[in-house]
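[1] Got a sequence here, can you model it:
(chains A and B)
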2 protein chains.
Amino acid sequence: MAEKRVGLRDLAAHLRPAPAFVLVRPQLGENIGAVARVMLNFGVRELRLVDPRDSWPNPAARGPASGADVVLDEAKAFAALDEALADCRYALATTARPRELLVPVLDPAAAAAECRRRIARGDRVAVLFGAERSGLTNDELLRADAIVSIPVNPAFASLNISQAALVLAYEWAKADDRAGFSSELQSAAPATKEEFEGFMRHLIGALDEVGHFFPAHMRESMEQNLRASFVRAGLTESEVRTLRGVVKSFERARGRRRSHE
Amino acid sequence: MAEKRVGLRDLAAHLRPAPAFVLVRPQLGENIGAVARVMLNFGVRELRLVDPRDSWPNPAARGPASGADVVLDEAKAFAALDEALADCRYALATTARPRELLVPVLDPAAAAAECRRRIARGDRVAVLFGAERSGLTNDELLRADAIVSIPVNPAFASLNISQAALVLAYEWAKADDRAGFSSELQSAAPATKEEFEGFMRHLIGALDEVGHFFPAHMRESMEQNLRASFVRAGLTESEVRTLRGVVKSFERARGRRRSHE
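    Numbers count the residues shown, from 1 in each chain, chains lettered A, B, ... in the order given. Modelled structure (predicted):
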């Protein structure tokens, strides 16, 4: 999908503090790039790699990052998980499999809200993602304060690492009060009741002219049904004008036909 | 990540009614496959294709579907959008770009909740996704009752089609009350207060033996600080036993050292 224009405010938004995403023993550079992309999509910028299988920097990450170069350029590689987490005061671990560990489990939205709360008081926070095939070991999981469980279809649970990262980054953006664009409707003035009633009188008068309200005893409910559908549309000022134009065209056509008769 | 075991209940869950995902003029078969995968990951099964660039079925979709064959096998291709939507009573359109259209805009969670409400009363519902490069045209968007806007970083908004589908499918799963796994903590019995106090007395007694509480006037606050950290851990019955074992080991070691002296 196409990009929106970038303003200074937007750039500031993606520089706001956010959790660090920590990939533990990642294998394919392509996956590291795909994670970088979804991170930046949702304003998460800090990537840490623990013991990546291939050397780092890894050129294979570039393409799938689709331009999220800033994330790759600033990514840091660590030899061990404890080093990668040293400055963090809170950590979450993602896992597809339930474990027999007495650790709290949060859904992604609750996890993001907890990150937000801790980041707001200045703490560094990490979200851990395991290796592509094997995930995180129990020892690695127990470096985290809580586990995040994504509500994936148990009959088809094969989320890949960038998809799991997307869910966490998306929930982070929501918790961090990012919003998408809003509707043009919010700035369009709804018609005043006078304008709306003017349109309804115009329409009903024109329908009267053509004998629409028949039989006569049904007139009241026919008018009410018609009114309900226009009420529900929540017409704007300009839409009321558009619809009066429509009625006028019908009236004019009828006038022309008459003059031909 | 690894798959969980599949039970009958799980299979039933992914057969529950869900929105149809409609790809309008999709180009790459690989992307169609990637969409099928994230759909099935979150229990969305019905895929409709409008005027796909390549013929359908398209073997290029298989690999990226990663086993979501059921979605591809049941996918239907249509010549025109109106045909694909004919049986739907509500439609949503995803777009990365704000449009100058007087159509309501929903965030993904609100959109999923609206789908849930309508599906609950038996209506068919569609979510439209545009072509990879160009997205949906305004004419196509106006086939939908509302637009969905994903809160993407405006400075880096290049979500691809399967990522947009993932966000919508994930929010659908949440709205449809799917949950991830829960913590083992929920089934582990918290220690009774008697067990907990027994541990605290044991620990404090052992610390008394080794002269830990010094100076004496600090004793009360030292005890309280120690107690607070164990209270906060919310210890289970078996963890209390584990910790009493730890204290016993220290006591035993001290006994041994004494007997060597």
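
[2] Just give me the neighbour total for A:Ser162.
    Counted by other C-beta atoms under 10 Å in any protein chain shown, the residues lying close to A:Ser162 total 22. Heads up, the C-betas are built off the backbone N, CA and C, glycines and all.

[3] what's the nearest residue to it if we skip its chain neighbours?
    A:Ala34 (3.7 Å; C-beta to C-beta, 6 or more residues apart in numbering or on different chains).

[4] How about the contacts made by that neighbour?
    A:64-65, A:161-162 (C-beta atoms under 8 Å, 6 or more residues apart in numbering or on different chains).

[5] could you dump these to CSV with secondary structure and pLDDT?
    CSV is the format used below for those (DSSP: H, G, I helix; E, B strand; the rest coil; pLDDT from 0 to 100):
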residue, secondary structure, pLDDT
A:Pro64, helix, 96
A:Ala65, helix, 96
A:Ile161, helix, 95
A:Ser162, helix, 96
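
[6] From those, pick the one nearest chain B.
    A:Ile161 (7.7 Å; C-beta to the nearest C-beta).

[7] hang on, isn't that closest one packed against A:Ala36?
    No: applying C-beta atoms under 8 Å as the test, A:Ile161 and A:Ala36 come out as separate, 11.4 Å apart.

[8] Of the two, give the one with the bigger neighbour count.
    When A:Ile161 and A:Ala36 are compared for neighbours, A:Ala36 comes out ahead with 31 against 23, by other C-beta under 10 Å.

[9] which residues in the stretch 51-200 of chain A form helices?
    A:62-65, A:69-74, A:81-85, A:108-120, A:138-141, A:161-175, A:193-209 (DSSP state H, counting those that start in this stretch).

[10] Which residues does the third one contact?
    To tie it back to what came earlier, the one meant is helix A:81-85. With contacts defined as C-beta under 8 Å, 6+ apart, helix A:81-85 is touched by A:22, A:24, A:48-50, A:76, A:78, A:91, A:126, A:128, A:140, A:143.

[11] so which two of the contacts of A:Ala34 are the farthest from each other?
    Spatially, the most separated pair among the contacts of A:Ala34 is A:Ala65 and A:Ile161, at 13.7 Å (C-beta to C-beta).

[12] before we move on, the earlier item: looking at the contacts of A:Ala34, spot the one nearest A:Met200.
    A:Ser162 (53.8 Å).

[13] Name the nearest residue to A:Leu40, ignoring sequence neighbours.
    Using C-beta to C-beta, 6+ apart and skipping residues adjacent in sequence, the residue nearest A:Leu40 is A:Ala68, 4.0 Å away.

[14] Which residue does the stretch 151-261 of chain A have closest to chain B?
    Going by C-beta to the nearest C-beta, chain B is nearest to A:Gly180 of the stretch 151-261 of chain A, at 2.9 Å.

[15] In this structure that residue contacts B:Asp107, no?
    Yes: shown here, A:Gly180 and B:Asp107 form a contact pair, counting by C-beta under 8 Å, at 6.1 Å.

[16] Could you check which of those two has the larger neighbour count?
    A count of neighbours by other C-beta under 10 Å puts A:Gly180 above the other of A:Gly180 and B:Asp107, at 21 against 17.

[17] Next, work out how far apart the more buried one and B:Pro108 are.
    Going from A:Gly180 to B:Pro108 by C-beta to C-beta, to the nearest Å gives 8 Å.

[18] Overlap in contacts, these two.
    B:Ile150.

[19] how many neighbours does the residue nearest to A:Leu40 have?
    25.

[20] Show me what A:Leu23 bridges to in the sheet.
    A:Leu49, A:Phe129 (DSSP bridges).

[21] ok, now which ones touch it?
    Contacts of A:Leu23 (C-beta under 8 Å, 6+ apart): A:32, A:35, A:47-50, A:52, A:129, A:161.

[22] so A:Arg16 sits right up against A:Asp176, yeah?
    Yes: A:Arg16 sits in contact with A:Asp176 when judged by C-beta under 8 Å, with a separation of 6.8 Å.

[23] Neighbour count for the two, which is higher?
    The neighbour comparison of A:Arg16 against A:Asp176 (other C-beta under 10 Å) goes to A:Asp176, with 22 against 13.

[24] How about that one: what's its closest non-neighbour residue?
    Spatial nearest neighbour of A:Asp176, chain neighbours left out: A:Arg116 (6.1 Å); criterion: C-beta to C-beta, 6+ apart.

[25] any idea how chain A splits into domains?
    The record's domain parsing of chain A by automatic domain parsing lists A:2-181, A:186-260.

[26] Tell me which of the ones you listed sits nearest to B:Glu184.
    domain A:2-181 (5.6 Å).

[27] and that closest one, how far from the chain's centre?
    Distance of domain A:2-181 from the chain centroid (C-alpha atoms, centre = their mean, to the nearest Å) equals 17 Å.

[28] ok, the longest helix anywhere in chain A near chain B or not?
    Assignment by DSSP state H gives helix A:237-260 as the longest helix of chain A. Yes: Helix A:237-260 reaches chain B (C-beta under 8 Å from any C-beta of the partner chain) through A:Glu239.

[29] ok, of the contacts of A:Ala34, which one's closest to B:Gly255?
    A:Ile161 (51.4 Å).

[30] Who are the contact partners of the closest one?
    By C-beta under 8 Å, 6+ apart, the residues touching A:Ile161 are A:23, A:26, A:31, A:34-35, A:129-130, A:132, B:1.

[31] and of the residues you listed, the nearest to B:Asn153?
    Nearest member of these to B:Asn153, counting by C-beta to C-beta, is A:Val35, at 14.7 Å.

[32] Wait, that closest one touches A:Val22, no?
    No: A:Val35 lies out of contact with A:Val22 (C-beta under 8 Å); the separation is 10.5 Å.

[33] neighbours around A:Val148, how many?
    27.
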